[in-house]
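Trainee: Pasting a predicted model and its sequence here:
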Amino acid sequence: MHAIWVFVTDCGDSAVTVPLALLTLVFLIASGQRRCAVFWMLAIGGSAVAIAALKLAFGACGQRLPLARIISPSGHAAMSAAVYGSLALLAGTGLSPGRRHTLYLLTAAAVVAIAVSRLALERHTLPEVVLGLLVGAGGVALFGAALRRQEAPALPLGWLMICGVAVVVVMHGTHWLVEPVLRRIAQVLRLAAPLCS
């Protein structure tokens, strides 16, 4: 079972979600969907900045909040929700209501599976995973609000999905050293901030 959870959790690693987000951005720009591309960057980039800031804040001061049990909010949960959720909204614009809802349910199940994998592998506590999901959901809400204000973007969705699957397959199992870097920065902040010591 451990190997299954590792496989699932690797789908939410930044080495997968960031290239997938960049690929989608390239498709949006190449298709002339510049306004949609701006909101994509705001939603995904905002989620990334928010979860990094929370990791730094809680990493520096989280030990002073023992009831919350939050030291490192889940980046896997946040970025999976933001990227896969926003991508589902984008892909769903051209689908019939039934297919769109099926896509949304499958995407939600995948995001929840990634979040649960973080708990199963004991990498995060439940509050850390929930906070990560909330950050990602905020990104999806922002992107969804932007999509509702415009016509469905004309994208080669088939090619986007094929290239997206290829990115996931190629990058799956790769790990970027984002977490250790943020942990070191949080340690420096903890020493520099007297309120957090």
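Mentor: Yes, it's here.
Trainee: going forward, measure contacts and count neighbours with C-alpha atoms only.
Mentor: OK.
Trainee: Who are the contact partners of residue 14?
Mentor: When contacts are counted by C-alpha atoms under 8 Å, 6 or more residues apart in numbering, residue 14 touches 75-76, 79, 175-176.
Trainee: Which of those are buried, as a ChimeraX select command?
Mentor: Restricted to buried positions by 16 or more other C-alpha atoms under 10 Å, the ChimeraX selection for the contacts of residue 14 reads:
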select :75,76,79
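Trainee: Closest one of the contacts of residue 14 to residue 141?
Mentor: residue 79 (13.5 Å; C-alpha to C-alpha).
Trainee: hmm, back to that, now secondary structure too, for the contacts of residue 14, in a markdown table please.
Mentor: As requested, the contacts of residue 14 are arranged in a markdown table below (DSSP: H, G, I helix; E, B strand; the rest coil):
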| residue | secondary structure |
| --- | --- |
| 75 | helix |
| 76 | helix |
| 79 | helix |
| 175 | coil |
| 176 | coil |
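Trainee: of all the contacts of residue 14, which comes closest to residue 28?
Mentor: With C-alpha to C-alpha as the yardstick, the closest approach to residue 28 among those comes from residue 79, at 19.1 Å.
Trainee: For whichever strand or helix holds residue 16, buried residues please.
Mentor: Here residue 16 is covered by helix 14-30, with elements defined by DSSP states H and E. Of the residues in helix 14-30, those buried by neighbour count under the rule 16+ other C-alpha under 10 Å are 14-18, 20-21, 24-25, 27-28.
Trainee: Quick one: neighbours of the nearest residue to residue 131 once chain neighbours are set aside, just the number.
Mentor: Of all residues not flanking residue 131 in the chain, residue 73 sits nearest, at 6.1 Å (C-alpha to C-alpha, 6 or more residues apart in numbering). Residues lying near residue 73 (other C-alpha atoms under 10 Å) number 29.
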